[in-house]
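Chemist: Would you be able to build a 3D model of this:
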Amino acid sequence: MNLKLSLGAFALLTEVAQGKLRGRRYLEGPPSNKYSEQTIPWYRGKSEAPMCKGSVCGLWGDPHIHSCDETNPNKHWGCQVEGTVDLMENDWYHIQATFSPIGDDAIDHVREKMVKEGKDSVTVHNVGATVTTDLAFQFKDLNTTLQFGYGNINSPTYEDGTAILGEIPQGPHKGKPYFPTEQYCNVKQYYNTNKIRTIKNVWMGECATECQEDLECAYFNWWSSKVCELVGEGGVLTDTKKHEGRVVSGRSRTGWGDKKTCGYWENKGIPEDLWPAGTDKSKKYHRKVGGWKQCPLLFFLDGEMQDISQMDPDQLNAESGHKTPLSGYFYGDKNSDLSAKILKQDGKDEANAIQILHKRDGSLTEIIIELSGSGQAEMWACSFKMNICLPEEIEDKIGNTVGMLGSPDGDQTNDMNDKDGNPFNSWLAVQELKNRDAYEDKPDKCLYDLAKLEYCHDTFCVEKKKHLIMTPAPGQNKDDLMCEPVDDTCAKEYCVLSDAALKDVCGLKPQTNDEAVLEDFETCRIECCHDTAECEDLTKFGDDDETDDDIRVEGDTEAPSASPGHCVEGEEFPNTGTTACPGHNIVKILRGPPDSNPADVQDIFYDINTLHSHESERSVSFRVNNPYGVEADVYVSHDKRAREDSNFPEPTCEGRLGVEGGCDPRAENEITVPCITYAGSEPFAMVNVYFVSKDASFPDVDSEAEVKRCCIDKDERDTLYSDAEYKVIHYAFQVECGCPDIRED
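Modeler: Numbering: from 1, shown residues only. Down below sits the predicted model:
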């Protein structure tokens with residue numbers, strides 16, 4: 001066949017594989033049946049059929065914004081303003097959100113994790129971070145506004161900064177407020193002598209229980225890496241150093257009645273008698289939902305708080321009292337033009353989502369609000385994730401749309417316009433900042449984040465109190481909802497050493513599941529990040545018996561091999577799609593030759609490693625094998641993170657010529673692909689693999705296959721593949737970014 005480089009067939013496949021088709025999102029993924037009462041099955045993959053046949057837009061995290069016209073689920077942008085913003089306004093809807101700041105503890109936790117996992121840059125949240133704590137939806141045809149939020153009962157401090165549960169009395173966090181689950185704990189202090197034993201992969205409450213049940217245990221240390229240390233009598237309380245990470249410690253409980261101890265399971269949330277002044281109505285009307293059922297959800301209808309504490313509609317499993325309802329409507333019912341209903345996760349008693357349905361002019365819009373966060377006033381407090389499915393015909397009905405979520409008109413170029421209708425140009429914005437005296441000495445990465453923050457603040461913040469559709473919660477006023485001014489400060493570099501210097505000392509992350517090797521690598525990274533004395537004596541991770549010649553120090557030009565090889569000749573490939581997660585295949589074939597057998601190509605991907613981190617930085621790495629037994633050129637097409645902003649991927653293609661089949665333990669064939677972390681689906685990566693060969697034994701089974709243009713240009717094609725005997729086989733894969741039992745939320 002002729003090797004044509006037309007994009008036609010590939011583009012269609014890519015659109016299906018990445019969930020897009022001519023400007024509309026078709027979110028197709030593995031069925032999870034998470035919610036038992038879903039009307040439109042687009043959100044959690046309830047069916048395998050195409051799901052939302054329209055625009056999907058939303059926000060999640062700290063916060064990430066996904067515009068209505070964006071068809072790549074992995075593409076989003078961040079806005080860390082503090083206050084109320086306009087998400088969407090048109091002839092049908094007006095939607096606002098209130099963003100509230102998270103603390104330095106949470107940001108440092110993210111940075112520490114990124115350092116340990118070997119990320120190229122750990123300078124994140126230069127200008128702070130916020131989460132969504134209130135959402136208001138105005139439906140203009142019905143003149144009705146629904147609002148959900150947590151009000152001002154989500155912080156460990158009162159408005160004047162006073163700690164609600166008291167201040168930490170000693171140690172590196174002296175004077176900071178307690179988070180509820182860390183009440184009665186020593187924060188960032190640990191007992192460093194007379195350790196009895198270490199337990200891995202346990203939570204703080206489990207660690208406290210292990211100590212209680214061990215007769216020799218007097219104290220325990222629980223590290224944020226989920227490592228529990230039991231300590232006997234004589235343990236000495238010691239402050240942690242910055243590179244040692246977050247730890248809490250406490251004494252052993254004398255029994256289950258000994259409640260004022262670190263790690264006791266009831267030490268969650270803030271007692272209602274300690275809630276801020278003016279919140280008496282909130283105490284009566286709220287309902288506990290979310291993390292540990294410690295998020296006090298408030299519901300407003302047309303500006304009036306509604307009592308949802310005794311929510312007991314005519315629904316199965318509905319409960320009364322301060323408990324999470326298993327099912328029930330906040331507003332309307334299944335026959336109403338507008339309804340809001342709480343949803344439960346299948347098989348659980350917890351309600352962790354709200355569904356809003358709006359019927360108008362023959363169209364149906366669905367909104368899903370996830371109840372997120374670890375609990376009231378915790379380090380990662382109560383927040384919302386929100387996604388909207390707008391019907392595909394809606395752009396002809398709703399008129400002009402403005403707001404942070406962009407306009408669902410099929411034109412991606414106008415989704416980030418300023419108030420004058422001009423597209424936001426980040427480069428020009430950074431140059432303008434450089435001309436200001438206050439910014440002249442700030443690094444480019446910080447200036448880029450500040451430029452986005454200013455753009456977001458000036459474009460989307462509600463300007464006047466009279467324009468608010470958001471109602472202040474009890475104890476608040478409208479001034480509390482307005483946006484705070486942009487602070488022109490930037491966070492200090494988290495690491496003392498540069499990214500390049502960290503790699504010089506510690507090398508790249510080892511592609512292994514050996515916990516000891518990974519722990520050595522993480523220790524090296526975090527200690528050298530903070531330039532501790534221990535770092536001076538560290539060598540590159542790996543063998544303990546390295547000679548002086550093997551030690552890689554700053555200035556070396558070559559690094560020793562990280563491992564003896566990533567496969568062994570004559571043996572099965574390690575960590576393939578069917579073996580990386582025992583009992584679960586994490587590689588799904590989306591496209592292949594007609595009548596191909598999936599079992600025949602499971603060894604194409606091997607040495608699969610999922611690289612967990614902050615949700616916007618998740619990746620999966622793997623190596624590609626030629627399974628055909630004859631020499632072939634191999635091209636791998638995928639997205640990579642752009643240098644300017646890791647939230648925005650760009651296409652790339654990596655090729656190797658003359659690849660023999662079978663194991664080559666020294667082949668430099670590792671590929672890392674960013675995961676698609678769109679809220680509402682498990683993280684996954686999209687990869688296209690092309691095999692090209694003219695060997696007579698190479699199968700001629702894929703007459704429609706064509707190599708993507710970014711892999712090889714026309715001139716190179718004409719040189720390499722002018723012979724008509726060349727044949728192409730093309731596969732498209734979906735690679736899951738974690739095993740089912742270890743995926744992170």
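Chemist: use CA for all of it now, contacts and neighbours both
Modeler: Will do.
Chemist: show me where pLDDT drops low in the stretch 551-700 of the chain?
Modeler: Applying pLDDT under 70 to the stretch 551-700 of the chain picks out residues 551-566, 598-600, 611-617, 641-650, 677-681.
Chemist: Break the protein into its domains for me.
Modeler: 31-157+272-481, 171-269, 565-745 (automatic domain parsing).
Chemist: Using JSON lines, please lay out those domains together with mean neighbour count and distance to Val496.
Modeler: As requested, the domains of the chain are exported to JSON lines (neighbours: other Cα atoms under 10 Å; distance: least, Cα to Cα, whole Å):
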{"stretch": "domain 31-157+272-481", "mean neighbour count": "19", "distance to Val496": "11"}
{"stretch": "domain 171-269", "mean neighbour count": "19", "distance to Val496": "11"}
{"stretch": "domain 565-745", "mean neighbour count": "18", "distance to Val496": "21"}
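Chemist: Among the ones you listed, which one carries the weakest average confidence?
Modeler: The weakest mean pLDDT among the domains of the chain belongs to domain 565-745, with a mean of 77.
Chemist: distance between that domain and the chain's centre?
Modeler: 23 Å (Cα atoms, centre = their mean, to the nearest Å).
Chemist: How about stretch 276-291?
Modeler: In terms of Cα atoms, centre = their mean, the centre of stretch 276-291 is set 29 Å apart from its chain centre.
Chemist: For that stretch, give me every contacting residue.
Modeler: 152-153, 158, 272, 294-299, 305-309, 322-324, 350-352, 371-375, 382, 473-475 (Cα atoms under 8 Å, 6 or more residues apart in numbering).
Chemist: Using PDB, write out every CA atom in it.
Modeler: Output in PDB follows, covering the C-alpha atoms of stretch 276-291 (Å, rounded to 0.1, in the frame of the first residue of the first chain):
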ATOM      1  CA  PRO A 276     -19.100  31.300  64.300                       C
ATOM      2  CA  ALA A 277     -21.500  34.000  65.600                       C
ATOM      3  CA  GLY A 278     -24.700  34.400  63.600                       C
ATOM      4  CA  THR A 279     -24.800  30.800  62.400                       C
ATOM      5  CA  ASP A 280     -27.700  29.600  64.600                       C
ATOM      6  CA  LYS A 281     -29.900  29.200  61.500                       C
ATOM      7  CA  SER A 282     -27.100  27.200  59.800                       C
ATOM      8  CA  LYS A 283     -26.900  24.900  62.800                       C
ATOM      9  CA  LYS A 284     -30.600  24.100  62.500                       C
ATOM     10  CA  TYR A 285     -30.900  23.900  58.700                       C
ATOM     11  CA  HIS A 286     -27.700  22.200  57.400                       C
ATOM     12  CA  ARG A 287     -27.100  18.600  56.500                       C
ATOM     13  CA  LYS A 288     -23.900  16.700  57.000                       C
ATOM     14  CA  VAL A 289     -22.500  15.300  53.800                       C
ATOM     15  CA  GLY A 290     -19.100  14.500  52.100                       C
ATOM     16  CA  GLY A 291     -15.900  13.500  53.900                       C
END
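Chemist: coming back round to it: can you check which of the domains of the chain gets nearest to Leu502?
Modeler: The closest of the domains of the chain to Leu502 is domain 31-157+272-481. By Cα to Cα, the value is 8.6 Å.
Chemist: How about the secondary structure of the nearest residue to Lys419 once chain neighbours are set aside?
Modeler: Spatial nearest neighbour of Lys419, excluding adjacent residues (Cα to Cα, 6 or more residues apart in numbering): Thr459 at 5.7 Å. Going by DSSP: H, G, I helix; E, B strand; the rest coil, the secondary structure assigned to Thr459 is helix.
Chemist: ends of stretch 675-684, how far apart?
Modeler: End-to-end distance for stretch 675-684, by Cα to Cα, to the nearest Å: 5 Å.
Chemist: Please determine how far the nearest residue to Asp411 once chain neighbours are set aside is located from Asn422.
Modeler: Distances taken as Cα to Cα, 6+ apart put Asp69 closest to Asp411, at 6.4 Å, once the chain neighbours are dropped. Per Cα to Cα, Asp69 is found 17 Å from Asn422.
Chemist: go on, Asn154?
Modeler: According to Cα to Cα, Asn154 stands 37 Å off from Asn422.
Chemist: cool, and Gln147?
Modeler: Separation of Gln147 from Asn422 (Cα to Cα) stands at 31 Å.
Chemist: What of Lys200?
Modeler: Using Cα to Cα, Lys200 is found at 53 Å from Asn422.
Chemist: How about Tyr726?
Modeler: Tyr726 is 49 Å from Asn422, by Cα to Cα.
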